[in-house]
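> what follows is a protein structure lacking sequence information:
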């Protein structure tokens, strides 16, 4: 079971064997796709699907690829995965495989999920050729989309929803965010705000002639750094909120002899689905009291867990999956806003996503595939 | 005595009448000379001196102009003024004159001082033509130099000292920094240090997986902002020290969803001439305790007041001038380091230098000239 990264050059996205999900994941990691640079990967995914799953309907909207069965089932399940990754760091843009562990940016978040989606598409196609996909329970929509890791305005699901909303019609959605095989239900909301402090410039040798904006900000900064967050119960799930100062900037560029007249503090709050964005904003504004100005940079809805919804229940209890709350924001909130219940379920450890040491294991990718294949009615392990 | 800025276009540097020191100052302000952009002004000053004071020895080193008498006197007095200004702000790059107040960047610091130096040069030349300058007490060196407002490595006095040190030989130096007609004795030293805090990146929804460098810095920042500075007695003068945070930077550029792994705080300390740079550094390092790393960005010697030195005494007591300590760093420290006593004495209010509202009054410029002319033995008001 041991395999070194230097043993052989990896298969490409176009020729990797989908029954080797791990090799296919490595091939996907080898194609850089930092947010706003997904074109190459979108082209490769579309080309592979057109070659290997031609019985499915394939649509392309900008750098988003939507693949659908047309089986006439009562219900349609949507499975979604984003093509983009966060920027590489510490050289983790080169995938390396050792002892069934694949390391590299996007390995967990979420090229392993994309590999699972590609294999499911090929299995759906094979089932269609074999027996008209008679054993498939639901119609299926697979979405490969761009720009999930950046600001909402760029999100590929949003682009498709605005351009061709019918492509995303569904009764239940699963997003292949890294959850390590758990069902992560709901998601927390996001509120990003920037607090500004004004001062008055003066020469650093005569600071009493001015007013130091950084000094003015220091008391609030300390309060923010010390702020204790809550854990909030929703549907029996414990949502652990967070509150972080994610940026600070003050001083006159390149001048060390000037009392600074401006300092800004940027904070990021993750809030439980108990709260609306408006409530979260009011709470953050209260925390930032004392600033001269406050700007809301980002505000994203939380999604309720929806555990009692019949399709969520079929997925969670029908497959005996473990459930926990999703702490980060994911596109499940986008579906929740449209009234479509959605959960996160995918390979990889969410706690190492966005860290330099991001990795995914072979078992994690294969188990995710097997669960989704069972849910759809595909025979596990048989293409 | 009222004069509007719109009344007439100002005389240029080349044609302004030096007996109208205020008009000459306005002409100097009208030539932009932000640090690193002094070439045009240096050329104009040199051209004017070659035309109007040709009996003096004129040397040019890069954008620095040195003008000397060669009278064979026992002692030589150096008068120095820098050509550069801080960057313009709020439109103060356009000089405006009203009711004998001249506003504009550099009006006080120190184009009014340059106007005084230009007039003294012309008076020395006239005295030489008249009677061989028989009434002039000392040999005189006038220095117009670049890049005083920026980092030490660019300083024009430093450039001349390295290239042709004999040009700056003197027994006593006066720098025409704005002092509002006071003698500002000595100067405080400068210590600029950057303290760094390291953290570990993580997704903002799972901050407990990382460590927030901005949060780590917040306690020290608050302590620095609250730090009380001393007032230190040297030679009976009260040096009011200062300590300011002049810059702070933290966060991952453009990313609001990442727990930041780096935060830096830059501080500027002004220290009394009681302390050596090494002592000042030790004190600042103690204040910055708790940082992961400390880098010294700038360290400049303070200058003692030297009030008991015979030439300083002749200047201060011989002319019955008031004395106070210089709080900012000036090039007097550069002379002090060479064993040459030096004081600051010039027109304009030091408290408004480097502020958007910088200005100088007609009386301030004329009084400065009259004092220096008396010290040198020139007849006041008679060219």
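Thanks, I have it. Note that the structure is a prediction, hence the values are computed from the model and not measured.
> just for the stretch 1-150 of chain A, where's the confidence low?
A:1-10 (pLDDT under 70).
> residues in it within reach of chain B, list them.
residue A:89 (C-beta under 8 Å from any C-beta of the partner chain). Every C-beta, even on glycine, is put in place using the N, C-alpha and C of the backbone.
> what residue in the stretch 1-150 of chain A comes nearest to chain B?
Distances between the stretch 1-150 of chain A and chain B by C-beta to the nearest C-beta are smallest at residue A:89, namely 7.5 Å.
> that residue contacts residue A:106, doesn't it?
No - here residue A:89 lies out of contact with residue A:106, judged by C-beta atoms under 8 Å, at a distance of 11.8 Å.
> which one of these two is surrounded by more residues?
Neighbour count, other C-beta atoms under 10 Å in any protein chain shown: between residue A:89 and residue A:106, residue A:106 has more, with 32 against 17.
> spit out the contact partners of the more buried one.
Shown in contact with residue A:106 (C-beta atoms under 8 Å, 6 or more residues apart in numbering or on different chains): A:28-29, A:33, A:85-86, A:358.
> which of those residues sit farthest apart?
A:28 and A:86 (15.2 Å; C-beta to C-beta).
> please identify which of these two sits among more neighbours.
Under the neighbour definition other C-beta under 10 Å, residue A:28 and residue A:86 were set side by side, and residue A:28 has more, 29 against 22.
> ok so the more buried one is a helix residue?
Yes - counting by DSSP: H, G, I helix; E, B strand; the rest coil, residue A:28 is part of a helix.
> can you count the residues close to the residue lying closest to it once chain neighbours are set aside?
Nearest residue to residue A:28 in three dimensions, chain neighbours excluded: residue A:111, at 3.9 Å (C-beta to C-beta, 6 or more residues apart in numbering or on different chains). Neighbourhood size, residue A:111 [other C-beta under 10 Å]: 34.
> likewise for residue A:361?
Residues lying near residue A:361 (other C-beta under 10 Å) number 20.
> ok, residue A:153 next?
Neighbours around residue A:153, by other C-beta under 10 Å: 8.
> one more: residue A:203?
Around residue A:203 there are 25 residues (other C-beta under 10 Å).
> surely it and residue B:353 touch.
Yes - in terms of C-beta under 8 Å, residue A:203 counts as a neighbour of residue B:353; the distance is 6.3 Å.
> ok, now which ones touch residue A:367?
Residues near residue A:367 by C-beta under 8 Å, 6+ apart: A:181, A:347.
> with chain B as the reference, measure out to it.
Using C-beta to the nearest C-beta, to the nearest Å, residue A:367 is found at 22 Å from chain B.
> about what we covered before: leaving out the residues flanking it, which one is nearest to the residue of the stretch 1-150 of chain A closest to chain B?
Closest to residue A:89 by C-beta to C-beta, 6+ apart is residue A:356, at 4.8 Å.
> I figured that neighbour was touching residue A:92, is that so?
Yes - counting by C-beta under 8 Å, residue A:356 does reach residue A:92; the two are 5.6 Å apart.
> which one's more surrounded, these two?
Using other C-beta under 10 Å, the more surrounded residue of residue A:356 and residue A:92 is residue A:92, with 21 against 15.
> how about the residues of the stretch 251-383 of chain A by chain B?
Residues of the stretch 251-383 of chain A found near chain B (C-beta under 8 Å from any C-beta) are A:251-252, A:255-260, A:263, A:266, A:268, A:270, A:297-298, A:327-329, A:350-356.
> how about a cut-off of 6 Å?
A:251, A:256, A:259, A:268, A:270, A:327-328, A:351, A:354 (C-beta under 6 Å from any C-beta of the partner chain).
> next one: residue A:133 from residue B:159, what distance?
The gap separating residue A:133 from residue B:159 is 82 Å, by C-beta to C-beta, to the nearest Å.
> do the same with residue A:148
Taking C-beta to C-beta as the measure, residue A:148 falls 55 Å from residue B:159.
> between these two, who's got more neighbours?
In terms of neighbours (other C-beta under 10 Å), residue A:148 is the more surrounded of residue A:148 and residue B:159; the figures are 26 against 18.
> helices of the stretch 201-350 of chain A, start to end?
With DSSP state H, counting those that start in this stretch applied, the stretch 201-350 of chain A shows helices at A:213-226, A:277-287, A:310-318, A:332-337, listed in chain order.
> in the third one, which residues are buried?
Same thing as helix A:310-318. Within helix A:310-318, the residues that count as buried by 16 or more other C-beta atoms under 10 Å in any protein chain shown are A:311-312, A:314-316.
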